[in-house]
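**Q** What follows is a predicted structure for the sequence shown.
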Amino acid sequence: MEHAVHLIAPEAGATALDDAPRAALIRDLQAIRKAMLAADAKRLALHPQASASERNLAQYLAFRRHDHRRLQERLADMGLSSLGRAETHVLASVDKVLRLLGAAPPAEAPVGYHDAQDLGRQHVAALFGPPPEGRRTHIMVTLPSSAANDRALIPALVRQGMDIARINCAHDDAGAWIAMATQLRAAAKAAGRPVRILMDLGGPKLRTGPLAPGPQVLKIKPRRDAYGEVIAPGRLLLRPRCHGTAETSAEQALPVDAQWLARLETGEHVRLIDARGRKRLLQVAELRSDGVLVQCERTVYLRQGTRLAVQRSHMPPSVTELLEVPSRPGSLHLSRGQMLRLTADGLGHDAQSGIGHGHKALATIACTLPEVLGQVREGERIWFDDGRIGGVVRRAASHRLDIEITDAGEQDETLAADKGINLPDSHLELPALTEKDLGDLTVVARYADLVGLSFVQSATDVQALQQRLDTLCASHLGVLLKIETRRGFENLPALLFAAMGGRPAGVMIARGDLAVECGFERLAELQEEILWACEAAHMPVVWATQVLENLAKTGRPSRPEITDAAMGVRADCVMLNKGPHILEAMRTLDDILRRMQEHQSKKRSLLRALKSWG
């Protein structure tokens, strides 16, 4: 599709531009325009009913296929738009510059500046609901498991300004999700404002398998100051064995013989020889309804079979034995240069001495998706536990991988069960919808407003979810594509096109796995590119992973995370994760977003008056 671009005289009062540079700019812009129109024609040939947003995305992708930095400098030098904020209306932006240069293109743009702003607002409202009063950016909060039974938490979150509640279907069960959703609907009704529910499907998350349990030993340790003086004794609750394993308020508890326990008195000393052969004393500090609290001023290691004795005057010692010391969670100890074997099943274990010749059996751990083992090749990288431990596959077979650990701390690193595994170099054929997800969707369709598609990698994954929702008569549900793998990022345009034109859709930048998959050093670049593409598609974006995480978990924000939260104003929604200080994190985020929206709209800086310097 080719169109003539007619030269016209500069508008009255316009500054005359030098003819040679002007002619060169017109030629370059005409070539760019031609490429964009070709992409638009191709999109319309494939999808005659393509929306204005789809067409603008196709044109934008054609526009960004080449390096235009020199062109931008030339435009800026002439006092013209450098096209640096053209995402939402790219063809209209090029046409505007051509008109200012004295070239009159036909009116071809599917969307102009004001239309693009309207489309963006409509799509955000359709997916996330109307914007909260006084704040343009929505706030999403991940609900903890306790929210199912805690009758105060969800109403408090709603009152504090939560716009979207995220329920992670990788945890808990349908009963807990329904309890959370039911509470949320009631709290939103009481508050008199809409709050939407996102149910996030678990997806094919690759994790480490179970490990052999550690030793049955419990460490009781006092707290000391910088000089080694005890500032808080170690504490242990001894509870009657007949009470079973009920939870207590103490940090650590062990069951003992009920009759022996009933004879203890405040101030008495319990004598023992601990697991290291050290003589130790436990002092009876408090008699309580759920047991006896004892404390120590020296570290004690208790194991199964440890004898506890109380010596009273003129009487034989009163003795009991510990029979139920819990096992420590199992873990592997890994160091650089060590080999680790990833297997299809079985209990993981540390490296073990072999039979003969002094050989050791490799440290071994299973994975939760054994079908991926046959899809990995030698030389490909592998990461464990959010990128904390890294390695390279040295030998690959259909049932196991032998991995050399190349990235670890200076000292041994520990790897536990149920930790994430990332294979950024491997081309894994895993459907985004697992059998569990397909079952979970029956609950999601009834109780949610949005569904999160985890580990989405291809347009086929998006189409499979759409078809499943149609089968469940849930075409009203919005879809949130979670970009958290290297392949998902590389296929982003296809994912956007697959999600557009039907039900409300958006993108979540899941920066945790994405950083591990693509490299932490590339994360800032990747999130910018995702924001640009989604802006061109007029598609809402969620800024997610570790936003104000330190504040939510500890009550104290770090300086970098405040700046990171401020960057969230460039998205349409910011997600906070659960934590004991989540309400404070919400208050802080709300304040940051309200302040920053006066200075920033998407990627465009707003030149409000600077009052800081009078």
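**A** Ah, there it is. Here the structure is a predicted model, which means the values were calculated and not measured.
**Q** and the closest residue to residue 219 other than its chain neighbours, what are its phi and psi?
**A** Nearest residue to residue 219, sequence neighbours excluded (Cβ to Cβ, 6 or more residues apart in numbering): residue 301, at 5.5 Å. No exception for glycine: its C-beta is placed from N, CA and C like everyone else's. Main-chain torsions, residue 301, degrees, to the nearest 10: phi -110, psi 110.
**Q** go on, residue 434?
**A** phi -90, psi 170.
**Q** What is the top helix by length along the chain packed up against?
**A** Secondary structure of the chain per DSSP state H: the longest helix is helix 19-46. When contacts are defined as 3 or more Cβ pairs under 8 Å, 6 or more residues apart in numbering; DSSP states H and E, helix 19-46 packs onto helix 52-63, helix 69-77, helix 90-100, strand 103-104.
**Q** which stretch among the ones you listed comes nearest residue 340?
**A** helix 52-63 (41.0 Å; Cβ to Cβ).
**Q** For that closest one, give the mean pLDDT please.
**A** What helix 52-63 shows for mean pLDDT is 95.
**Q** That one: how far from the chain's middle?
**A** 28 Å (Cα atoms, centre = their mean, to the nearest Å).
**Q** so where's this protein uncertain?
**A** 1-18, 243-251, 353-359, 605-614 (pLDDT under 70).
**Q** that's a strand at residue 320, yeah?
**A** Yes - under DSSP: H, G, I helix; E, B strand; the rest coil, residue 320 falls within a strand.
**Q** Tell me the bridge partners for it.
**A** As for beta bridges, residue 320 partners with residue 308 under DSSP bridges.
**Q** Which element, helix or strand, includes residue 394?
**A** Here residue 394 sits within strand 389-396, counting by DSSP states H and E.
**Q** residues in contact with the spatially most central residue of the chain?
**A** By Cα atoms, centre = their mean, the chain has its centre lying nearest to residue 545, at 3.9 Å. By Cβ atoms under 8 Å, 6 or more residues apart in numbering, the contact set of residue 545 is 509-512, 575, 577.
**Q** at 7 Å instead, please
**A** Applying Cβ atoms under 7 Å, 6 or more residues apart in numbering, we find residue 545 in contact with 510-512.
**Q** Return the set of buried residues in stretch 597-607.
**A** Neighbour-count burial for stretch 597-607, with 16 or more other Cβ atoms under 10 Å as criterion, is recorded at 600, 602.
**Q** Please shift the residue numbers so they start at 37 in all later answers.
**A** Right, with 37 as the first residue, what we last looked at is stretch 633-643.
**Q** which residue ranges form the strands in the stretch 437-586 of the chain?
**A** Counting by DSSP state E, counting those that start in this stretch, one finds strands in the stretch 437-586 of the chain at the ranges 449-452, 457-458, 486-489, 514-519, 541-546, 577-580.
**Q** repeat for the stretch 137-286 of the chain
**A** Using DSSP E, counting those that start in this stretch, strands in the stretch 137-286 of the chain cover 139-140, 174-178, 200-204, 232-236, 253-256, 259-260, 266-268, 270-276.
**Q** Quick one: those strands as TSV, columns for mean neighbour count too.
**A** Conversion of these to TSV gives the following (neighbours: other Cβ atoms under 10 Å):
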stretch	mean neighbour count
strand 139-140	18
strand 174-178	25
strand 200-204	24
strand 232-236	24
strand 253-256	18
strand 259-260	12
strand 266-268	12
strand 270-276	21
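**Q** Looks like residue 95 contacts residue 78 (just checking).
**A** No - applying Cβ atoms under 7 Å, one finds residue 95 not in contact with residue 78, separated by 10.6 Å.
**Q** between these two, which one's more packed in?
**A** Taking other Cβ atoms under 10 Å, residue 95 and residue 78 do not tie; residue 95 has more neighbours (30 against 13).
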